[in-house]
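1. Compute the structure for the input listed below.
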Amino acid sequence: MALPTRMPAWRVPQPERLAPGNSTGRPAGWPTECRTEEPTNERDGTYLVLVSKRAQVSEVEALDPASRGKVFPLGKWDDLPDVADPHGGEESAYRESLVLIEHLIMGWLKKIC
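-> Numbers count the residues shown, from 1 in each chain. I've put the predicted structure just below:
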């Protein structure tokens, strides 16, 4: 799957792209409401932790064994590479990471909302 090289069009909602009756400003296809569930981790209320790299899942679980089953890579629903850390890089690297993160978050929203 090729990722867009510019900011996605949905960043600026256009009236013709909105779902009928959708006054939220979200483009068609975006969830208008999210399910809410009671947190499963009574200690701190955490039930979902997203990490940018697959290797970080085991690192987080090692730090807090209670997090097992709650830590997932951003790209769980896509066959895409881990999110690169753009720190210290060119502005284009930050933009590429932003586009990838937004795409991956949309995958999560489609699953949980």
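
2. Am I right that E96 is in contact with V83?
-> No: applying C-beta atoms under 8 Å, one finds E96 not in contact with V83, separated by 9.5 Å. Just so you know, the C-beta spots here come from the backbone N, C-alpha and C atoms, and that holds for glycine as well.

3. SS state for I105?
-> helix (DSSP: H, G, I helix; E, B strand; the rest coil).

4. That one: how many residues sit nearby?
-> I105 sits with 12 neighbouring residues when counted by other C-beta atoms under 10 Å.

5. And it, how close does it get to K70?
-> 17 Å (C-beta to C-beta, to the nearest Å).

6. what do you get for D82?
-> Taken as C-beta to C-beta, the span from D82 to K70 is 19 Å.

7. mind checking which helix or strand L50 is in?
-> Taking DSSP states H and E as the criterion, L50 maps to strand 49-51.

8. so after that strand, what's the next helix or strand?
-> helix 55-63.

9. mind checking how far the residue nearest to P73 when sequence neighbours are not counted is from S67?
-> The shortest distance from P73 to any non-neighbouring residue, by C-beta to C-beta, 6 or more residues apart in numbering, is to R54 (4.6 Å). Between R54 and S67 the distance is 15 Å, computed by C-beta to C-beta.

10. between these two, which one's more packed in?
-> Counted by other C-beta under 10 Å, R54 and S67 do not tie: S67 has more neighbours, with 17 against 14.

11. Fine, thanks again, bye for now.
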